[in-house]
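Visitor: got a structure for you, letters missing:
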């Protein structure tokens, strides 16, 4: 807790000194004392320096709170047992029981591999903001292993995709936020730029907890867009999170419209469901960021507001006639990609950090069998392509010790720690590294689980 004396000192100095990023950060911290949230400490996967330099205090507060709740929203979904069979999954990815008689996520090896990719995407998105890349032994973190936040054009970026304000009719166009690839930031790493539209006074985006503070029916969904949803959408573009798939903003195949918004994402997932001459699930949903973001948000709304549907879409006529809280559902993506431009070979095989459970995908009920329910994916913490190399090297544990390369991935077909995983925390008098038992808390950070200790029987 920052003392009253420090608060008075900061207030006094701020009246004489031009605000700096450090002073900005301290003042923002003071405003969030009730939450005791220091974003730099809580979210090491995010590089906050540019946000402190480019965001106003009010903008920074929105970004910090929305980041906190976006992380909570995604983790609430990720921690739901059997989330691949929930109404939220059904609405935006189609569950197995809805695809009866058609191709589902378990029908063939290719779809099974892609299903594992989606599970992995959700797992990595739920972990990276709070874990980031494993720090160096001195505790430092590389900017290139983080995603930067900014309320202005990020360092290294030429031009902008953000609209500075609404048009002459008072309507906004363009994105609320933009994800910039490292190639666009002149080597400064991944970055998310929050556009003026994200913060507009008209309240196009709202806090998710404000949206659920009053009862709403599912028919109001098209206008229920939260700050947290917008952040989740950008996170799903960010390869530094550890996704193997390159997740984009896709376009509808028949009219080249953006697959963006509740209705479009639902219809995209269910594209092949009504035609008896086409397969069932649309595998391209795995590559569309908005399908993930709406799934996370819908699950939160459904739980908070007590909705009871199975997630399938009500008719468009009913939606458009609902007078409650519809608003403008359009938030133009920065760049749309055609389905034909997606390289489906990305999903050949499974991510090396994932292992399905024992058995086969189609044993009994695919949604409840061991292949699905015991599927595990280890944490990646960086671009997947970098992980393929770094997984062969030693790394630093959560407690500052050294873990051998074998600690990067679980062992075999399950989630056990590799028997060759070794932890080094101390050195002997000759300077040689001494092996530390993995159960030592300082060794935490290895993939997989240790066996449960056997209790000695009493004589």
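Guide: Thanks, I have the structure now. Computed from a prediction, not measured in an experiment: that's the story for all the values here.

Visitor: got a pLDDT number for residue 447?
Guide: For residue 447, the pLDDT comes out at 88.

Visitor: repeat for residue 192
Guide: We have a pLDDT of 96 for residue 192.

Visitor: is it true that residue 269 touches residue 89?
Guide: No - contact criterion C-beta atoms under 8 Å: residue 269 and residue 89 do not qualify, at 9.4 Å. For the C-beta atoms, the positions are set from N, CA and C on the backbone; glycine is no exception.

Visitor: gap between stretch 386-396 and the chain center?
Guide: 22 Å (C-alpha atoms, centre = their mean, to the nearest Å).

Visitor: contacting residues around it?
Guide: Residues from elsewhere that reach stretch 386-396, judged by C-beta atoms under 8 Å, 6 or more residues apart in numbering: 134-137, 242, 352-353, 380-382, 402-405, 407-409, 445.

Visitor: Now restrict those to buried residues only.
Guide: 134-135, 242, 353, 380-382, 402-405, 407-409, 445 (16 or more other C-beta atoms under 10 Å).

Visitor: Tell me how many other residues surround the nearest residue to residue 224 once chain neighbours are set aside.
Guide: Spatially, and ignoring its direct neighbours in sequence, residue 224 is nearest to residue 211 (5.3 Å; C-beta to C-beta, 6 or more residues apart in numbering). Applying other C-beta atoms under 10 Å, we find 24 residues neighbouring residue 211.

Visitor: And the one 10 residues further on, by the same measure?
Guide: Using other C-beta under 10 Å as the criterion, residue 221 is surrounded by 27 other residues.

Visitor: I'd like the distance between the closest residue to it other than its chain neighbours and residue 339.
Guide: Nearest residue to residue 221 in three dimensions, chain neighbours excluded: residue 262, at 5.1 Å (C-beta to C-beta, 6+ apart). Residue 262 sits 20 Å away from residue 339, going by C-beta to C-beta, to the nearest Å.

Visitor: Identify the residues contacting stretch 363-376?
Guide: The contact list for stretch 363-376 (C-beta under 8 Å, 6+ apart) reads 82, 84-85, 95-97, 104-106, 116, 119, 354-361, 410, 414-415.

Visitor: same question, stretch 180-187
Guide: 144, 148, 154-158, 188-193, 239.

Visitor: Which parts of the stretch 101-250 of the chain are strands?
Guide: 147-150, 177-180, 191-194 (DSSP state E, counting those that start in this stretch).

Visitor: Can you tell me the element residue 76 falls in?
Guide: Assigned by DSSP states H and E, residue 76 belongs to helix 57-78.

Visitor: Next, the buried residues of that helix.
Guide: Neighbour counts using 16+ other C-beta under 10 Å place 59-60, 62-71, 73-78 of helix 57-78 among the buried residues.

Visitor: average pLDDT across it?
Guide: On average, helix 57-78 scores 97.

Visitor: Check which helices and strands it sits against.
Guide: Applying 3 or more C-beta pairs under 8 Å, 6 or more residues apart in numbering; DSSP states H and E, one finds that helix 57-78 contacts helix 21-31, helix 39-42, helix 49-54, helix 109-131, helix 208-211, helix 227-235, helix 289-305.

Visitor: ok, and what's touching the helix or strand following that helix?
Guide: Downstream of helix 57-78, the next assigned helix or strand under DSSP H and E is helix 87-92. Here helix 87-92 makes contact (C-beta under 8 Å, 6+ apart) with 77, 83, 95, 98, 265-266, 269, 285, 291-292, 294-296, 298-299, 302, 307, 309-313.

Visitor: quick one: the residue nearest to residue 221 and residue 186, what's the gap?
Guide: 36 Å.

Visitor: Of the two, give the one with the bigger neighbour count.
Guide: Per other C-beta under 10 Å, whichever of residue 262 and residue 186 has more neighbours is residue 262, with 22 against 12.

Visitor: Where is pLDDT lowest across the contacts of stretch 180-187?
Guide: residue 158 (85).

Visitor: roughly how far apart are the residue nearest to the spatial centre of the chain and residue 292?
Guide: Geometric centre of the chain, nearest residue: residue 125, 2.8 Å, by C-alpha atoms, centre = their mean. Applying C-beta to C-beta, the value for residue 125 to residue 292 is 7 Å.

Visitor: Now the common contact residues for the two.
Guide: Residues touching both residue 125 and residue 292 by C-beta under 8 Å, 6+ apart: 232, 236.

Visitor: sorry, back to before: for the residue nearest to residue 221, give me its contacts.
Guide: Counting by C-beta under 8 Å, 6+ apart, residue 262 makes contact with 221-222, 294, 298, 329.

Visitor: Those: which two are farthest apart?
Guide: Spatial extent of the contacts of residue 262 (C-beta to C-beta) is set by the pair 298 and 329 at 13.9 Å.

Visitor: Have a look at the two and say which one is more surrounded.
Guide: A direct count of neighbours by other C-beta under 10 Å for residue 298 and residue 329 places residue 298 higher, at 27 against 17.
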